[in-house]
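**Student:** The following comprises the amino acid sequence and a computationally predicted model.
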Amino acid sequence: MPSERSLSGIFAPVTTPFRGDTVDLDAFASNLRHYATTPLAGAVVLGSNGEAPLLDDDESDRLIEMAREVWPERKWLIAGTGRESTKATIAATRRAAERGADAVMVRTPSFYKRSMTGEAFVTFYRAVADASPVPVILYNVTIFTGVNLATEIAASLSSHPNIIGIKDSGGDVTVIADLVAGCRPGFGVLAGSTSAGRCTASPA
């Protein structure tokens, strides 16, 4: 695991290659080996670019295992583990930790949109963070989920000792600035969608 618990640098959102309908683990490993030769601070597997919602648990687990085999220990390996239920998210998070993920990135649940209140998000994320063996990163990707994790809720969650950052993919620089200002010092704020198309982290 990286020696520092804080997030800083550029994190590559890794795609999931396929051969027909089958995940191509060899191509996935080859891509990661190439990325490992760059100054990237870490890699994010099973995010939106990794088509995580379309993969079953077996495929997801194998991708994390392969990533851990080829990705340098000194760089962050972050795995997406968001599911619709708290129970399923915790189970996926624990499996990711067992397979070597340094941290997990958990998208907002979103199917029952009217029920996704700030209170519901706080309850969900605190339960996941309490149960997670590795640090948790919040993931706000409204373009796909249709729900939004409000800045003030993220700021409240930043006080949890096992929640170390947030990736916001809204592309609004004002929101990023508000997150940096509102979250606790040292909390990582990752801009998942910018004009440069990069995922970068800035400690609050």
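**Tutor:** Great, that's in hand.

**Student:** Could you pull out the buried residues of stretch 151-159?
**Tutor:** Going by neighbour count (16 or more other C-beta atoms under 10 Å), the buried part of stretch 151-159 is 151, 153-158. (Glycine included, C-beta is placed from N, CA and C.)

**Student:** Could you list which of these belong to helices?
**Tutor:** Among the buried residues of stretch 151-159, the ones falling in helices (DSSP state H) are 151, 153-157.

**Student:** which one of those sits closest to residue 101?
**Tutor:** Residue 101 has its nearest neighbour among those in residue 157, at 19.7 Å by C-beta to C-beta.

**Student:** mind checking how far that closest one is from residue 183?
**Tutor:** 9 Å (C-beta to C-beta, to the nearest Å).

**Student:** All the strands of the protein, residue numbers only.
**Tutor:** With DSSP state E as the criterion, the chain has strands at 9-13, 18-19, 22-23, 42-45, 76-80, 103-107, 136-140, 163-168, 188-191, 200-203.

**Student:** The fourth one pairs with which strands, and in what direction?
**Tutor:** Its sheet considered, strand 42-45 pairs with strand 9-13 (parallel), strand 76-80 (parallel) by DSSP bridges.

**Student:** most packed of those strands?
**Tutor:** Mean neighbour count (mean count of other C-beta atoms under 10 Å) peaks for strand 76-80 among these, with a mean of 28.

**Student:** returning to what we had before: rebuild the strands of the chain as TSV, extending it with mean pLDDT.
**Tutor:** Shown next, in TSV, are the strands of the chain (pLDDT from 0 to 100):
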stretch	mean pLDDT
strand 9-13	93
strand 18-19	96
strand 22-23	96
strand 42-45	97
strand 76-80	98
strand 103-107	98
strand 136-140	98
strand 163-168	97
strand 188-191	94
strand 200-203	54
